[in-house]
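# Need coordinates for the following:
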Amino acid sequence: MTLLDAPVYDEARARKRRNLLIGLGVLAVILAGLAWNFWYYPQEQKVNEFFAAVEAKDFPKAFAIWNNDPDWQKHPDKYPLYPYGKFVVDWGPSSDFGVITSHKILLHKPYGTGVVYQVQINGRPAPGGVVHLWVEKKAKTLGFSPVQLE
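Predicted structure coming up:
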């Protein structure tokens, strides 16, 4: 075979290669979209689990979720900065939100070592019906956000 002798063009092979490349490109876009949508899924589940406990008025469970410590009642003195009594005042029926019956996550944004969530409570508009929570990624603890989302 000389330098100018080209192999015979195989149309079927070229079509298969083109379709394979298109398929891989579409798959890559779909996987990237799924990764983008579910990147913060564990933190979002933590927020939903917390509000489900608050809506059920199960404040000991909600406090356990807040601190990611199911055995918090064995050592309540471990949380002097935000004790259970203050927690119930902030999230119970006497809170600024009243009795919490529903929630909806409006926005989320990564911030530092966690994710900030803007949550609408009881369908009330901002600013009175919206709270900003921060979920620490590694420790899976909740807290009030140091920043507000717009």
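
# Is the residue nearest to the spatial centre of the chain within a helix or a strand, and which one?
The residue lying closest to the centre of the chain (CA atoms, centre = their mean) is residue 44, at 2.6 Å. Assigned by DSSP states H and E, residue 44 falls within helix 41-55.

# So which residues lie in contact with that helix, not counting its own?
Applying CB atoms under 8 Å, 6 or more residues apart in numbering, the external contacts of helix 41-55 come out as 59, 61-62, 65-66, 91, 100-103, 105, 108, 114-115, 117, 119, 133, 135, 137, 140, 142. C-beta here means a position set from N, CA and C on the backbone, and glycine is covered the same way.

# in that helix, what counts as buried?
For helix 41-55, the neighbour count (16 or more other CB atoms under 10 Å) marks 43, 44, 46, 47, 50, 51, 53, 54, 55 as buried.

# Can you convert these into CSV and add a column each for pLDDT?
Shown next, in CSV, are the buried residues of helix 41-55 (pLDDT from 0 to 100):
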residue, pLDDT
43, 91
44, 91
46, 94
47, 94
50, 95
51, 94
53, 95
54, 94
55, 93
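
# Please parse this structure into its domains.
Listed by automatic domain parsing, the domain ranges of the chain are 10-39, 40-144.

# any idea which of those is most buried?
domain 40-144 (a mean of 15; mean count of other CB atoms under 10 Å).

# hmm, back to that, export the domains of the chain as TSV, with columns for distance to residue 150.
Shown next, in TSV, are the domains of the chain (distance: least, CB to CB, whole Å):
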stretch	distance to residue 150
domain 10-39	21
domain 40-144	8
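
# who wins for proximity to residue 4 among the ones you listed?
Evaluated with CB to CB, those place domain 10-39 nearest to residue 4, the distance being 18.9 Å.

# now that closest one: mean pLDDT?
Across domain 10-39, the average pLDDT comes to 93.

# That domain: how far from the chain's middle?
Computed by CA atoms, centre = their mean, to the nearest Å, the chain-centroid distance of domain 10-39 equals 28 Å.

# what secondary structure does residue 108 sit in?
Using DSSP: H, G, I helix; E, B strand; the rest coil, the structure places residue 108 in strand.

# Next up, the contacts around it.
With CB under 8 Å, 6+ apart, residue 108 has these contacts: 40, 43, 44, 115, 116, 117, 118, 149.
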